[in-house]
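Undergrad: no FASTA, just this:
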């Protein structure tokens, strides 16, 4: 279910409610997952593709598999799991990795 | 004589398959969600060359442009244009040899009889080839050869 | 059309050519190989003129068969035997679906297989040929066939392609001249001569072996070696496979199993004798 966020408008005050994109994944059910040398090897059945995934990507997929989420929510949970600071930098990294995951079909945007 | 064993740390191969390390200390975790990490790939997709082993030793060639576009010229950016267009080059009559293309892409060598601008234009054309176009299979096999 | 029917391991070929010469040369090279079982060939490999007049005028042999690769340059007819060998490779590379194919040589001893992956120039063919003459059984020179269900390597003992200096090296080692194909010069691969595997290797073409060691050779350097990690082994084996993608999950499962359980290393060597010595040392350590 879409989650709403109050977003600041150009004047700096609270403006219209904006719905952030929710990301979901068919991982791990649609995959064969194999840990190897500290990375995760994934065979994704729907696409037939094989990928090496390095942290924090496997953790992101596990979290999205538990609960679909937007970037902010995912970053918060990811930082809690890894014990790192939940800040803009973390959100940027998560946003970039999500885009890569969408591009290869492991994550879908709704 | 070194043999891989259970405790041995993974070798440094191509950066993409290098693991972040066995330790999960604070340092590693803190670093995970910093922008600096975006410089390294976190996702590496296995892409066996579609024709690498199949064409081992088979010479292939790439016509520039497609034979259906004979007579056209190639612009700097690799697009196919009418003859005598500004900043465009008259491509060779015969297809370019796969080995020559490989060397040009890897080492910057020029095609025989052409300067570096023309060579660059032809290479840009080649890099734009997609599945189904003449020369695509040859180009794909060149990329996956050492 | 001149034809030859030949079985090499699990591949039952029918091989055709409008010119008699290349087929006759291929028949001599594969003397002693069986015919397809029940006469049923399932893979067609052919050479033919790229244009009708090329059958007679400066004749050229294009690679044909069940599968065709676009953009390939036809070969001169005098290299017809090589063209036949190449299309025999190509048909298997593009069409095989029962076995996972890895671009590698393989030799067997005591039921265990040593796999030597590599492109042309790595020296895998020469090493395999030499090992095949010194107590090892040649299983493959070009493609190693792995049964995804069992993990066993199935023999595919094609003629070995010897290039340049490897030719004279093997000519010195092997007394029987009938095991060699004609000397071909000016081919895309340089000087080339084909070598038929030993009678034992041919006779045992239906005996699989368990992969026990993977060694990546690099010819032309001072001796050196290092271990290869599981992730690198997986990446290199899939990169060298023509049908990994087509096989899907069974291919993934089998290769992860191999990467997890089969030791791997790479080594550089300046000459064959040193290369063989390094191989034997690794094998001793791995219990082969």
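TA: Ah, there it is. Predicted model only: the values in this text are computed from it and were never measured.
Undergrad: following the host helix or strand of residue C:212, which helix or strand shows up next?
TA: Using DSSP states H and E, residue C:212 sits in strand C:210-219. For strand C:210-219, the succeeding helix or strand toward the C-terminus, using DSSP H and E, is strand C:224-227.
Undergrad: That next one close to chain A?
TA: No. Strand C:224-227 is not in contact with chain A by Cβ under 8 Å from any Cβ of the partner chain; minimum separation 12.0 Å. Where you see a C-beta, it was placed from the backbone N, CA and C, and this is true even at glycine.
Undergrad: Show me which positions of that strand end up buried.
TA: C:225-227 (16 or more other Cβ atoms under 10 Å in any protein chain shown).
Undergrad: Note down every partner strand of the strand holding residue C:212 and its orientation.
TA: strand C:112-117 (parallel), strand C:264-269 (parallel) (DSSP bridges).
Undergrad: circling back to that earlier point, out of the buried residues of strand C:224-227, which is nearest to residue B:121?
TA: residue C:226 (42.3 Å; Cβ to Cβ).
Undergrad: What are the buried residues along the strand holding residue C:212?
TA: C:211-219.
Undergrad: And stretch A:89-106, by the same measure?
TA: For stretch A:89-106, by 16+ other Cβ under 10 Å, it's A:89-94, A:97-98, A:100-101, A:106.
Undergrad: what about the longest helix along chain B, near chain C?
TA: Ranked by residue count and defined by DSSP state H, the top helix of chain B is helix B:116-127. No. Contact of helix B:116-127 with chain C (Cβ under 8 Å from any Cβ) is absent, the minimum separation being 11.6 Å.
Undergrad: and the helix or strand following that helix, does that touch chain A?
TA: Downstream of helix B:116-127, the next assigned helix or strand under DSSP H and E is helix B:136-144. No. Judged by Cβ under 8 Å from any Cβ, helix B:136-144 makes no contact with chain A; its nearest approach is 15.8 Å.
Undergrad: Pull out the buried positions in the longest helix of chain B.
TA: B:118-123, B:125-126.
Undergrad: As TSV, those residues with pLDDT and distance to residue B:81 would be great.
TA: Output for those, formatted as TSV (pLDDT from 0 to 100; distance: Cβ to Cβ, whole Å):
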residue	pLDDT	distance to residue B:81
B:118	94	14
B:119	95	17
B:120	94	15
B:121	95	10
B:122	95	13
B:123	95	16
B:125	95	11
B:126	93	16
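Undergrad: contacting residues around the closest residue to residue A:107 other than its chain neighbours?
TA: Distances taken as Cβ to Cβ, 6 or more residues apart in numbering or on different chains put residue A:101 closest to residue A:107, at 3.9 Å, once the chain neighbours are dropped. Going by Cβ atoms under 8 Å, 6 or more residues apart in numbering or on different chains, residue A:101 touches A:25, A:57, A:60-61, A:107, B:43.
Undergrad: What segments of chain A are strands?
TA: Assigned by DSSP state E, the strands in chain A fall at A:4-8, A:14-19, A:23-25, A:31-36, A:39-44, A:49-53, A:107-109.
Undergrad: Mind checking these for the one nearest to residue C:150?
TA: strand A:31-36 (18.7 Å).
Undergrad: Quick check: buried residues in the closest one?
TA: Buried residues in strand A:31-36 (16+ other Cβ under 10 Å): A:31-32, A:34, A:36.
Undergrad: One more: stretch B:68-83?
TA: So, applying 16+ other Cβ under 10 Å, buried residues of stretch B:68-83: B:72-75, B:78-81.
Undergrad: tell me the mean pLDDT for it?
TA: Stretch B:68-83 shows a mean pLDDT of 93.
Undergrad: so the helix ranked longest in chain A versus strand A:49-53, what angle?
TA: Determined from DSSP H, the single longest helix within chain A is helix A:88-104. For helix A:88-104 against strand A:49-53, the angle by axes from the mean of the first three to the mean of the last three Cα atoms, to 10 degrees is 160 degrees.
Undergrad: how big is the angle separating helix A:88-104 from strand A:39-44?
TA: Using the same axes, to 10 degrees: helix A:88-104 against strand A:39-44 is 40 degrees.
Undergrad: any idea how far the most centrally placed residue in chain C lies from chain B?
TA: What sits nearest the mean C-alpha location of chain C, by Cα atoms, centre = their mean, is residue C:142, with 2.0 Å. Here the distance between residue C:142 and chain B works out to 8 Å (Cβ to the nearest Cβ, to the nearest Å).
Undergrad: Could you do residue C:229 as well?
TA: In terms of Cβ to the nearest Cβ, residue C:229 sits 3 Å off from chain B.
Undergrad: quick one: residue C:259 is in a helix?
TA: Yes. Judged by DSSP: H, G, I helix; E, B strand; the rest coil, residue C:259 forms part of a helix.
Undergrad: what sits against it?
TA: A:36, C:230-231, C:233-234, C:237.
Undergrad: Brilliant, that's me finished.
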